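**Q** Take a look and give me a structure for this.
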Amino acid sequence: MKTPIQHLANTVLPTDWGTFDMHAFGQEGDAMPHIVLMHPDIDVSLPVTLRIHSECLTGDLFHSLRCECGQQLDAAMQIIEDKQGILLYLRQEGRGIGIINKMKAYNLQDQGFDTLDANLQLGLEADGREYSMALTMLRYFDIKAVRLLTNNPEKVAAFEGSDITVTERLPLIIEAKPQNEGYLSTKKLKFGHLL
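**A** Got it, this is the predicted structure:
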């Protein structure tokens, strides 16, 4: 059985969007913990605006046009600042397959496979992410209700049967570019994203 994550460290992080309380969650000695960015004036007695964002090195850091992840993260950061919310940055790169397999999947996509079929071609899950750690992190801050900023029904489903209520799903739509139209189409048609 997997060891539960725990709160490891916290600090204050000034950013282009505002200043946030930054927290790390993982196991002791974890070099790649999950990260929380929380508005300092968050009110946990109300439904909190929440973005659960899975790591996308290529999109978040290098602004890859193969996806809209980096643009979603930027938009979410602005919303978290405006709505005094919280961002959970989960370390599950490439729908949970890791950066090396993601690069291999990119090569298959260049040969005509979509993002789902490329993962399957590599013998991997279509989407290997899971969200139980998100619930653990929210409980640490005594958050009972969220306004979830997502297009992914799997993220909404992660709260079903839990003690944290999703009071509203807020869409996070990014305009398609020629380089990611197929990616977004696959998200909508094969993964059921609400685009």
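
**Q** Which secondary structure element of the protein has the lowest mean pLDDT?
**A** helix 181-189 (a mean of 57; mean pLDDT, DSSP states H and E).

**Q** This protein: strands as residue ranges?
**A** Assigned by DSSP state E, the strands in the chain fall at 6-14, 19-26, 34-38, 48-54, 86-90, 145-149, 165-170.

**Q** Would you format the ones you listed as a markdown table with mean pLDDT, distance to residue 129 and mean neighbour count included?
**A** All C-beta atoms are positioned from the backbone trio N, CA, C, and that covers glycine. Putting those into a markdown table (pLDDT from 0 to 100; distance: least, CB to CB, whole Å; neighbours: other CB atoms under 10 Å) gives the following:
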| stretch | mean pLDDT | distance to residue 129 | mean neighbour count |
| --- | --- | --- | --- |
| strand 6-14 | 97 | 21 | 12 |
| strand 19-26 | 97 | 16 | 19 |
| strand 34-38 | 97 | 12 | 22 |
| strand 48-54 | 96 | 6 | 23 |
| strand 86-90 | 97 | 7 | 22 |
| strand 145-149 | 97 | 15 | 21 |
| strand 165-170 | 95 | 17 | 15 |
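
**Q** Can you say which of the ones you listed is nearest to residue 126?
**A** Minimum separation from residue 126 across the strands of the chain (CB to CB) falls at strand 48-54, 14.0 Å.

**Q** Adjacent strands (with direction) for that closest one?
**A** strand 86-90 (parallel), strand 145-149 (parallel) (DSSP bridges).

**Q** ok and the first one relative to strand 19-26, angle-wise?
**A** Taking axes from the mean of the first three to the mean of the last three CA atoms, to 10 degrees, one finds that strand 86-90 is oriented at 40 degrees with respect to strand 19-26.

**Q** Spatially nearest residue to residue 127, not counting backbone neighbours?
**A** When the adjacent residues along the chain are set aside, residue 127 lies closest to residue 95, with 4.5 Å between them (CB to CB, 6 or more residues apart in numbering).

**Q** quick one: the one you found and residue 126 touch, right?
**A** Yes - between residue 95 and residue 126 there is a contact under CB atoms under 8 Å: 7.4 Å.

**Q** shared neighbours, these two?
**A** Residues touching both residue 95 and residue 126 (CB atoms under 8 Å, 6 or more residues apart in numbering): residue 119.

**Q** Among those two, which residue is more densely surrounded?
**A** residue 95 (21 against 16; other CB atoms under 10 Å).
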